[in-house]
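> model the following, please.
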Amino acid sequence: MSKVYNFSAGPACMPEWVLQKAADEMLNANQSGMSVMEMSHRSSDFEKILGDAKDRLRRLMNIPEDYEILFLQGGGSLQFSMVPMNFNKNGADIINTGQWTKKAIAETKKLGKTHIAASSADDNFTFIPKITQDDLDPDTDYVYICENNTIYGTKYKNLPPHEGKRLIADLSSCICTEPINVADYDMIFAGAQKNLGPAGVTIVILKKDMLEQQNENIPSAMLDYKTYVDNNSMYNTPPTYGIYMVGLTLEWLEDVIGGLEEMEKINHKKANMLYDYIDQSKLYSNPVNPQDRSYVNIPFVTGNPDLDKKFVAEAKERGLVNIKGHRTVGGMRASIYNAMPVEGVEALIDFMKEFEEKYA
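Residues are numbered from 1 along each chain as shown. Next up, the predicted model:
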């Protein structure tokens, strides 16, 4: 079968340039005479891979020197526990915008005071709540958000107020899709498997002075951010091959794409093409408040569940795979992360037009 266009929400498609370079280096990475999979994480060969990945990420995102860059395991889901375990002393404000904040709320409640500052649950998470400072609990330590919501297709365009509090953000599905001002955040975390590499690596960008405000008696060194800072993310064996793949993806973003400003232009082009077609269509609709629409996760429905199933089946026959929407939303969802080429979106729109002509 020829290569398909993979619209999966994650693990997602990866740049062909990255996959080809990894294939070329599979047996002999960086003239080491071995695969990265075989390297000791204590070796100079791997230390260079790790260092290069950190340096590229710092350049691409313009990360200030007073921020640490860590590579962890456990996905975003472990961060739902690690964040409050380390930093929830007096409480956390969480803005509930979907499945991933719901899970973070559940874990935070086990570990300390949790205040839901706002929620879009009543409208099936189709918008981003707009809050003021007065909506926050004055005693809490930090405000927590999920910036882009893979399931519901919403995206913060402006960060919430958090005067006197830390801002902690889950950027798992939007990291490196556009430039951001890292200094606006105190902590960022992101699973790599949507925009930066394969599953198995979690990137944490942490302001150094956060470590001065940690809880005491964290039950395990493996759950303490300071452990990873002190050991350069290598307290135990890190996900070495995953970090290598993240490094290649960052190389692609920096040297092939030309940086995050260029990546943003491409991502906006793809999203605008698809939204423009959906908005003028007589068959498809997108449920999200237009000003809160995601650039990388675009849900759409026909309004007929049986027709949605037919769309998914026929799309797969055309090489447009993993287009089925999440069970809580239904319909379809096109995840068009960094690695999805413009041609993939064009192919999807062409199929959508044909399907609409046949069934509308």
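> what about stretch 204-218, average pLDDT?
For stretch 204-218, mean pLDDT is 93.
> next one: stretch 353-360
92.
> now it, how far from the centre of its chain.
Distance of stretch 353-360 from its chain centroid, counting by C-alpha atoms, centre = their mean, to the nearest Å, is 33 Å.
> buried set for it?
355-356 (16 or more other C-beta atoms under 10 Å). Heads up, the C-betas are built off the backbone N, CA and C, glycines and all.
> cool, and stretch 50-60?
50, 52-54, 56-58, 60.
> cool, stretch 253-271 as well?
Buried, per 16+ other C-beta under 10 Å, within stretch 253-271: 253-254, 257, 260, 263-264, 266-267, 270-271.
> could those be laid out in CSV, adding distance to Ser77 and secondary structure?
CSV is the format used below for those (distance: C-beta to C-beta, whole Å; DSSP: H, G, I helix; E, B strand; the rest coil):
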residue, distance to Ser77, secondary structure
Leu253, 25, helix
Glu254, 29, helix
Ile257, 29, helix
Leu260, 26, helix
Met263, 26, helix
Glu264, 28, helix
Ile266, 29, helix
Asn267, 25, helix
Lys270, 28, helix
Ala271, 27, helix
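> any chance of those residues in JSON lines, plus pLDDT and distance to Asn181?
Below are these laid out as JSON lines (pLDDT from 0 to 100; distance: C-beta to C-beta, whole Å):
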{"residue": "Leu253", "pLDDT": "98", "distance to Asn181": "18"}
{"residue": "Glu254", "pLDDT": "97", "distance to Asn181": "19"}
{"residue": "Ile257", "pLDDT": "98", "distance to Asn181": "20"}
{"residue": "Leu260", "pLDDT": "98", "distance to Asn181": "12"}
{"residue": "Met263", "pLDDT": "98", "distance to Asn181": "16"}
{"residue": "Glu264", "pLDDT": "98", "distance to Asn181": "14"}
{"residue": "Ile266", "pLDDT": "98", "distance to Asn181": "21"}
{"residue": "Asn267", "pLDDT": "98", "distance to Asn181": "18"}
{"residue": "Lys270", "pLDDT": "98", "distance to Asn181": "24"}
{"residue": "Ala271", "pLDDT": "98", "distance to Asn181": "21"}
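> could you work out the most separated pair of these?
Spanning the widest gap among the buried residues of stretch 253-271 are Glu254 and Ala271, at 22.3 Å by C-beta to C-beta.
> element containing Ile298?
Element membership for Ile298, per DSSP states H and E: strand 297-300.
> circling back: in helices, which of the buried residues of stretch 50-60 fall?
Those of these mapping onto helices are 50, 52-54, 56-58, 60, per DSSP state H.
> could you single out the nearest of those residues to Val229?
For these, the nearest to Val229 is Lys54 (12.3 Å; C-beta to C-beta).
> quick one: the strands in the stretch 201-350 of the chain, in order.
Assigned by DSSP state E, counting those that start in this stretch, the stretch 201-350 of the chain shows strands spanning 202-207, 297-300, 320-321, 332-335.
> how many neighbours does the closest residue to Leu159 other than its chain neighbours have?
Ranked by C-beta to C-beta, 6 or more residues apart in numbering and with sequence neighbours excluded, the top spatial neighbour of Leu159 is Asp184, at 5.9 Å. Residues near Asp184, counting by other C-beta atoms under 10 Å, number 11.
> quick one: Asp184 from Lys270, how far?
25 Å (C-beta to C-beta, to the nearest Å).
> re earlier: can you list the strands of the stretch 201-350 of the chain in JSON lines and add mean neighbour count and distance to Leu283?
Output for the strands of the stretch 201-350 of the chain, formatted as JSON lines (neighbours: other C-beta atoms under 10 Å; distance: least, C-beta to C-beta, whole Å):
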{"stretch": "strand 202-207", "mean neighbour count": "22", "distance to Leu283": "39"}
{"stretch": "strand 297-300", "mean neighbour count": "26", "distance to Leu283": "9"}
{"stretch": "strand 320-321", "mean neighbour count": "20", "distance to Leu283": "16"}
{"stretch": "strand 332-335", "mean neighbour count": "24", "distance to Leu283": "11"}
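> on that earlier part again, quick one: which two of the ones in helices among the buried residues of stretch 50-60 are the most distant?
Largest pairwise distance in these, by C-beta to C-beta, is 16.0 Å, between Leu50 and Leu60.
> residues contacting Pro299?
151-153, 286-288, 325-326, 329, 331-333 (C-beta atoms under 8 Å, 6 or more residues apart in numbering).
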